[in-house]
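K.L.:
Whatever this is, show me its structure:
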Amino acid sequence: MNAHIVLSLAHILVFIPMLFYIGFSRASLSNVVYNIVLAAGLLMGLYHLMRLIKKMTAGMAGAWVNAIHVFAVAPLLVYIGMNKKDTPRSAYELLLMVAFAGLGYHMYSLVLETQVYDSA
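P.N.:
Next up, the predicted model:
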């Protein structure tokens, strides 16, 4: 199976539903979940920062995807994880916007990757 298909499916089936859960649950989340959100934000930020540096150093395409994770998604998760129940509503709303955008992008990507072209 194509790596892009696996990546899109992972986002659609695992990561984006987690963002929706956090965004819709808001302050009713437990402290354990907030700690997981904080750890996930830190790990994601570090991973994508390494990928961003690697891609920019090597002149590879697609660095913008890692930049979005480093400068938008990861800091938002860290912010929510650190502020816990004191997180303002706007942060959850922004997280939901990121989740909807990610869902749309990965569904579109999945459609493009699975299209079958007629050779005639």
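K.L.:
Please count neighbours and contacts with C-alpha atoms only from this point.
P.N.:
Will do.
K.L.:
Below-threshold pLDDT in this structure: ranges please.
P.N.:
Scanning the chain for pLDDT under 70 picks out the ranges 117-120.
K.L.:
Show me where this structure has its strands.
P.N.:
With DSSP state E as the criterion, the chain has no strands.
K.L.:
Kindly list the longest helix within it.
P.N.:
With DSSP state H applied, the helix covering the greatest number of residues in the chain is identified as helix 31-58.
K.L.:
Can you mark which positions in that one are buried?
P.N.:
34-35, 37-42, 44-45, 48-49, 51-52, 55 (16 or more other C-alpha atoms under 10 Å).
K.L.:
Repeat that for stretch 15-29.
P.N.:
Of the residues in stretch 15-29, 15-16, 19-20, 22-23, 26-27 count as buried by neighbour count, 16+ other C-alpha under 10 Å.
K.L.:
For residue 93, give its distance to residue 71.
P.N.:
Look at residue 93 and residue 71: by C-alpha to C-alpha, to the nearest Å, they are 17 Å apart.
K.L.:
And residue 32, how close does it get to residue 38?
P.N.:
Taking C-alpha to C-alpha, one finds residue 32 at 10 Å from residue 38.
K.L.:
Could you do residue 31 as well?
P.N.:
Distance of residue 31 to residue 38, given as C-alpha to C-alpha: 10 Å.
K.L.:
show me what contacts residue 77?
P.N.:
Shown in contact with residue 77 (C-alpha atoms under 8 Å, 6 or more residues apart in numbering): 37-38, 40-41.
K.L.:
right, I mislabeled it, should have said residue 61
P.N.:
residue 55.
K.L.:
For it, give me phi and psi.
P.N.:
Phi and psi for residue 61, reported as degrees, to the nearest 10, are phi -80, psi 160.
K.L.:
From residue 74, how far off is it?
P.N.:
Here residue 61 is placed at a distance of 21 Å from residue 74 (C-alpha to C-alpha).
K.L.:
swap in residue 26?
P.N.:
Using C-alpha to C-alpha, we find residue 26 at a distance of 17 Å from residue 74.
K.L.:
Please tell me how far the closest residue to residue 40 other than its chain neighbours sits from residue 87.
P.N.:
Distances taken as C-alpha to C-alpha, 6 or more residues apart in numbering place residue 77 nearest to residue 40, at 7.4 Å, with adjacent residues excluded. Going from residue 77 to residue 87 by C-alpha to C-alpha gives 11 Å.
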